[in-house]
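S.K.: Next one to model:
(one chain, ligands or ions: 1)
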Amino acid sequence: MGLKVLLVGNGAREHSIAMKIVENDAKLFSYMSRENPGIADLSKKFSIGDLNNFEKLKKYRNVDFAIIGPENPLANGITDYLEDKLGIPTCGPRQNVAKIESSKIFTRYLMDIYNVPGNVSYMIGKSVEDLDVAVDEFGTDFVIKPDGLTGGKGVKVYGDHLTNIHEATKYVKTLINREGEYLIEEKKKGKEFSLQVFTDGSNILPMPLVRDYKRAYENEEGPLTGSMGSYSLPDHNLPFLSKKDYKDALNIIKKTLKALNQNTGEKFKGILYGQFMKTEDSIFLIEYNVRFGDPEALNVLKLLQTDFLQIASQIIDGNLSKAEFQKQATVCTYLVPQGYPQNPVKEEPVEVDPAINKDIFYASVYRDKSTIRTTSSRAIALVTKGDDLESAKIENDRKITQIKGNLFYRKDIGTYL
Ligand code: GLY
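M.R.: Take a look at the predicted model:
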């Protein structure tokens, strides 16, 4: 097609999007906050800058359209800027509907007001005393959240991040000083899963469900991380979910998008990713993200059969019609620096056998002359598909031996945990 496509972002998620863009014969232009060597090598041209400094995007005004990877620029209105100021059609929600991620209070209210199923019990706290009221209501099963974006760090679960009521009170005081209010939600117990959809605001096409593992060590132990890996299955469902559970989760997304449209008068155009919890009795929405999940993007894009650029342009044009995925399993494993996340070893060299170049996605590494080196964050995601989960995992484990470096990974990713 020879389309010119601008991609904003620089993690493993964006590396996998970049690969899809060039696979579909487009010319890739990238704007990153730091150079991702994988994206840089695929790009016709790239530049580095603050992802929230939209002025820097003026030089890309002759691209055909843009795709936005991370939530932060979306929350700050990058789509509004690209479309209204530069005339660049953009796959990614405008600021007013990106609120569904950037304001957790807005989302809980929205679900309440429009009777969207899957909402948890919650309270908006404005004082320390409000925490006492919440404890009376929820006991010790509660989660404290700031309203805005947290970069994965602001959500504090009682009994996990917060070990006693004194710590909870201290955290609440910090949030009151910073934002004036905070959200307290009832903590739901069960298994989490990720449902991502493509949507033009009217048409909604679901992607295969993905199970994400956020703890650093095997058996879901140790500190929380951005994620250590994920898997998906050939039937696009997960072993702990019935067909009805899947439908219920999709219904929550459909009803939320309708409510969002009614409330704002705008259509959500892009990728909506719901993090859900399956409890003993029901399906609950934990939170929404207005972008692909990381690593969930890697699982689903590995299986995507429909031209990704066709999907992106149909999202923009409002005539989204098709997104087909192979009926195969995927396993994604993150390789991270030894000591991650508390004391990661940085600047260690990493070597990847070129034979697996199409299966690896750089997260947070840098190129020092021709050597790839680690930072303090996750280094490389490796993704493999197979006819079933077992064969995908065996092949993934084999490929891990083709990556050399002072790294570790979770060996239990893809074992039905
Ligand atoms: N998988 C977690 C996230 O993308 O936020």
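
S.K.: who in the stretch 101-250 of the chain is up against the ligand?
M.R.: Neighbours of the ligand within the stretch 101-250 of the chain, by CB under 6 Å from any ligand atom: 212, 227. (Each C-beta comes from the backbone N, C-alpha and C, glycine too.)

S.K.: Strands of the stretch 101-250 of the chain, start to end?
M.R.: 122-125, 142-145, 156-157, 182-186, 191-199, 204-206, 211-217, 221-232 (DSSP state E, counting those that start in this stretch).

S.K.: Can you tell me the centre-most residue of this protein?
M.R.: Centroid-nearest residue in the chain: residue 293, 2.1 Å away (criterion: CA atoms, centre = their mean).

S.K.: Can I take it that it is in a strand?
M.R.: No - in this structure, residue 293 is coil, not part of a strand, as judged by DSSP: H, G, I helix; E, B strand; the rest coil.

S.K.: change the start of the numbering to 157 and stick with it
M.R.: Sure thing, new numbering starts at 157, so read that last one as residue 449.

S.K.: Contact partners for whichever residue of the chain sits closest to the ligand?
M.R.: Scanning the chain for the residue nearest the ligand gives residue 449, at 3.6 Å (criterion: CB to the nearest ligand atom). Listed by CB atoms under 8 Å, 6 or more residues apart in numbering, the contact set of residue 449 reads 169, 350, 352, 366, 368, 386, 429, 431.

S.K.: Nearest to residue 309 among the residues you listed?
M.R.: residue 431 (15.5 Å; CB to CB).

S.K.: would TSV of the contacts of residue 449 with pLDDT and distance to residue 497 be doable?
M.R.: Converted to TSV, the contacts of residue 449 look like this (pLDDT from 0 to 100; distance: CB to CB, whole Å):
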residue	pLDDT	distance to residue 497
169	98	18
350	98	20
352	98	25
366	98	21
368	96	16
386	98	17
429	98	22
431	97	20
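
S.K.: any chance of those residues in CSV, with neighbour count and distance to residue 305 too?
M.R.: Output for the contacts of residue 449, formatted as CSV (neighbours: other CB atoms under 10 Å; distance: CB to CB, whole Å):
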residue, neighbour count, distance to residue 305
169, 23, 16
350, 28, 18
352, 24, 18
366, 25, 22
368, 21, 18
386, 28, 22
429, 24, 14
431, 18, 14
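
S.K.: May I ask which two of those residues are separated the most?
M.R.: 169 and 431 (15.0 Å).

S.K.: how close does the residue of the chain closest to the ligand get to residue 491?
M.R.: Distance, residue 449 to residue 491, by CB to CB, to the nearest Å: 18 Å.

S.K.: secondary structure element for the closest residue in space to residue 464 that isn't next to it in sequence?
M.R.: Take residue 464 and drop its neighbours on the chain: the residue closest to it by CB to CB, 6 or more residues apart in numbering is residue 176, 4.1 Å away. Taking DSSP states H and E as the criterion, residue 176 maps to helix 168-179.

S.K.: and the angle for that helix with strand 377-388?
M.R.: Between helix 168-179 and strand 377-388, the angle comes out at 20 degrees (axes from the mean of the first three to the mean of the last three CA atoms, to 10 degrees).

S.K.: and helix 168-179, which residues are buried?
M.R.: Residues of helix 168-179 classed as buried by neighbour count (16 or more other CB atoms under 10 Å): 168-177.

S.K.: out of the residues you listed, who's nearest residue 217?
M.R.: Distances from residue 217 to the buried residues of helix 168-179, taken as CB to CB, are shortest for residue 177 (18.3 Å).

S.K.: From residue 520, how far off is the closest one?
M.R.: Between residue 177 and residue 520 the computed distance is 21 Å (CB to CB).

S.K.: what does residue 286 give?
M.R.: Taking CB to CB as the measure, residue 286 and residue 520 are separated by 37 Å.

S.K.: Which of these two has more residues huddled nearby?
M.R.: Set residue 286 next to residue 520 and count neighbours by other CB atoms under 10 Å: residue 520 wins out with 20 against 17.

S.K.: which ones are touching the closest residue to the more buried one other than its chain neighbours?
M.R.: Sequence neighbours aside, residue 533 is the residue nearest to residue 520 in space, at 3.6 Å (criterion: CB to CB, 6+ apart). Applying CB under 8 Å, 6+ apart to residue 533 gives the contacts 382, 492-493, 496, 500, 519-520.

S.K.: Single out whichever of the residues you listed has the smallest pLDDT.
M.R.: On pLDDT alone, residue 382 ranks lowest of those, at 89.

S.K.: is it true that that residue touches residue 492?
M.R.: No - with contacts counted by CB atoms under 8 Å, residue 382 stays clear of residue 492, the gap being 9.3 Å.

S.K.: Could you report the pLDDT at residue 573?
M.R.: For residue 573, the pLDDT comes out at 67.

S.K.: wait, I meant residue 561
M.R.: Looking at residue 561, the pLDDT reads 97.

S.K.: Within the helices and strands, which one has the residue lying closest to it once chain neighbours are set aside?
M.R.: Leaving aside its sequence neighbours, residue 561 sits nearest to residue 506 (CB to CB, 6+ apart; 3.7 Å). Here residue 506, judged by DSSP H and E, is contained in strand 505-508.

S.K.: So which elements touch the very next helix or strand once past that strand?
M.R.: For strand 505-508, the succeeding helix or strand toward the C-terminus, using DSSP H and E, is strand 516-518. Judged by 3 or more CB pairs under 8 Å, 6 or more residues apart in numbering; DSSP states H and E, strand 516-518 is in contact with helix 168-179, helix 193-198, strand 536-542.

S.K.: How much space separates residue 185 from residue 438?
M.R.: Distance, residue 185 to residue 438, using CB to CB: 45 Å.

S.K.: Have a look at the two and say which one is more surrounded.
M.R.: Using other CB under 10 Å as the criterion, residue 185 and residue 438 rank with residue 185 on top: 22 against 13.
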